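Q: Quick check, what structure comes out for this input:
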Amino acid sequence: MSQNPDTGLEPSTEQSTFTIERIYDAPPERVFEAWAEHAAKSRWFGPPGEKADYSLDFRVGGLEHLTVPMPDGEPYAYDARYQDIVPGRRIIYSYDMHHGRRRISVSLAVVELAPHGTGTRLLLSEHGAYLDGQDTSAAREHGTNALMDALGAALGGPSDA
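A: Numbering: from 1, shown residues only. All right, here's what the predicted structure looks like:
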């Protein structure tokens, strides 16, 4: 088998789907706002502290970009395109991740918001293709769980899995 010319690695694809559920002590409109507004999303999206480069154009067809510097000098980059948005109810986006110049994964994510008592039930499902052994589903699910915990903290209330 030939090597991937971009990575020098044997081509391989791991596919998987995971779903994360959270209950937030905030109404759906507030949870949606935490995804939709640049300042609000900056408080919870990505690693703590200052981000090297972050932009958000939250609209159907809009793009989101985050670059995170790494100690090895090879930054991680996240590039998303919003595919569908229903205010207060649904967000669908596709994204890819790069480590340096190497694409490590491509994913489709669906976020659904629904009233739950005085709060919100968030259901996030993601289908990913992890490329050439450079990323894994387990790592992505772990990172996404951490982001959903950070979202709960940014909303200022308890959240339950």
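Q: Tell me what Glu64 is bridged to.
A: Beta bridges link Glu64 to Leu56, Ala80 when assigned by DSSP bridges.
Q: What ranges does this structure have for its helices?
A: Using DSSP state H, the helices found in the chain span residues 28-36, 38-42, 137-155.
Q: would you put the C-alpha positions of the second one in PDB?
A: Included here for helix 38-42 are C-alpha records, laid out as PDB according to Å, rounded to 0.1, in the frame of the first residue of the first chain:
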ATOM      1  CA  HIS A  38     -18.300  35.400  19.500                       C
ATOM      2  CA  ALA A  39     -17.700  36.700  23.000                       C
ATOM      3  CA  ALA A  40     -19.900  34.100  24.700                       C
ATOM      4  CA  LYS A  41     -18.300  31.200  22.700                       C
ATOM      5  CA  SER A  42     -14.800  32.400  23.400                       C
END
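Q: Remind me what it packs against, helices and strands.
A: Counting contacts by 3 or more C-beta pairs under 8 Å, 6 or more residues apart in numbering; DSSP states H and E, helix 38-42 is packed against helix 28-36, strand 53-56. C-betas here are computed from N, CA, C, even on glycine.
Q: what do you get if the cut-off is 10 Å, keeping everything else the same?
A: Applying 3 or more C-beta pairs under 10 Å, 6 or more residues apart in numbering; DSSP states H and E, we find helix 38-42 packed against helix 28-36, strand 53-56, strand 63-68, helix 137-155.
Q: among the ones you listed, which is nearest Arg22?
A: In terms of C-beta to C-beta, the element of these nearest to Arg22 is helix 137-155, at 5.1 Å.
Q: Show the contacting residues for the residue positioned nearest the centre of the chain.
A: Centroid-nearest residue in the chain: Thr144, 6.3 Å away (criterion: C-alpha atoms, centre = their mean). Counting by C-beta atoms under 10 Å, 6 or more residues apart in numbering, Thr144 makes contact with Phe18, Ile20, Ser107, Ala109, Leu124, Glu126, Gly128.
Q: and the nearest residue to the third one once chain neighbours are set aside, how many neighbours?
A: Distances taken as C-beta to C-beta, 6 or more residues apart in numbering put Gly128 closest to Ser107, at 4.1 Å, once the chain neighbours are dropped. The number of residues packed near Gly128 is 25, by other C-beta atoms under 10 Å.
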